[in-house]
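Engineer: Got a predicted model here, sequence first, then my questions.
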Amino acid sequence: MAGRAVLLIPHRGDTADEGGLPGDYRKILAIVREADGPVQVRAVGEQLGLDASVHGKLEPLRAKMTKLAARGWLHKRGDGRFTARP
């Protein structure tokens, strides 16, 4: 694909289902969807088995969740928590 940029994380409107997302992003979506309400990055990290007591371990996850929100897969609330888009 010379000369064309390829998005690793497509915009939600570009694909009908999440099958086009990498596996770790699909896991994040599943955790957020299964939650009873808005979730913090820390809670998702714990579900993924990350050491949530180390702030630096959560930053890559926060970046992934923010990217999912920017592409329309998640909604980032003003308080920093995330919800799944319907």
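Structural biologist: It's in.
Engineer: now do the same end-to-end measure for stretch 9-20.
Structural biologist: End-to-end distance for stretch 9-20: 8 Å, by Cα to Cα, to the nearest Å.
Engineer: quick one: that stretch to chain centroid distance?
Structural biologist: 13 Å (Cα atoms, centre = their mean, to the nearest Å).
Engineer: if you count residues, which helix in the protein comes out on top?
Structural biologist: Secondary structure of the chain read by DSSP state H shows that its longest helix is helix 55-70.
Engineer: which other helices and strands contact it?
Structural biologist: Judged by 3 or more Cβ pairs under 8 Å, 6 or more residues apart in numbering; DSSP states H and E, the packing partners of helix 55-70 are helix 23-34, helix 41-48, strand 74-76. In short, each C-beta sits where N, CA and C put it, glycine included.
Engineer: what about the last one, average pLDDT?
Structural biologist: Computed over strand 74-76, the mean pLDDT rounds to 96.
Engineer: what lines up beside it in the sheet?
Structural biologist: Strand 74-76 pairs in its sheet with strand 82-84 (antiparallel), by DSSP bridges.
Engineer: got a list of contacts for the strand it pairs with?
Structural biologist: 29, 32-33, 35, 37-41, 44, 65, 69, 74-77 (Cβ atoms under 8 Å, 6 or more residues apart in numbering).
Engineer: Show the buried residues in the residues you listed.
Structural biologist: Buried by 16 or more other Cβ atoms under 10 Å: 29, 32, 35, 38-41, 44, 65, 69, 74, 76, out of these.
Engineer: of the residues you listed, closest to residue 85?
Structural biologist: Distances from residue 85 to the buried ones among the contacts of strand 82-84, taken as Cβ to Cβ, are shortest for residue 74 (6.4 Å).
Engineer: follow-up on the earlier one: in the longest helix of the chain, what counts as buried?
Structural biologist: Neighbour counts over helix 55-70 (16+ other Cβ under 10 Å) mark 58, 61-62, 64-65, 67-69 as buried.
Engineer: Report the contact partners of the residue positioned nearest the centre of the chain.
Structural biologist: Centroid check for the chain by Cα atoms, centre = their mean gives residue 65 as the closest residue, at 3.1 Å. Contacts for residue 65 (Cβ under 8 Å, 6+ apart) come out as 28, 32, 41, 44, 74, 76, 82.
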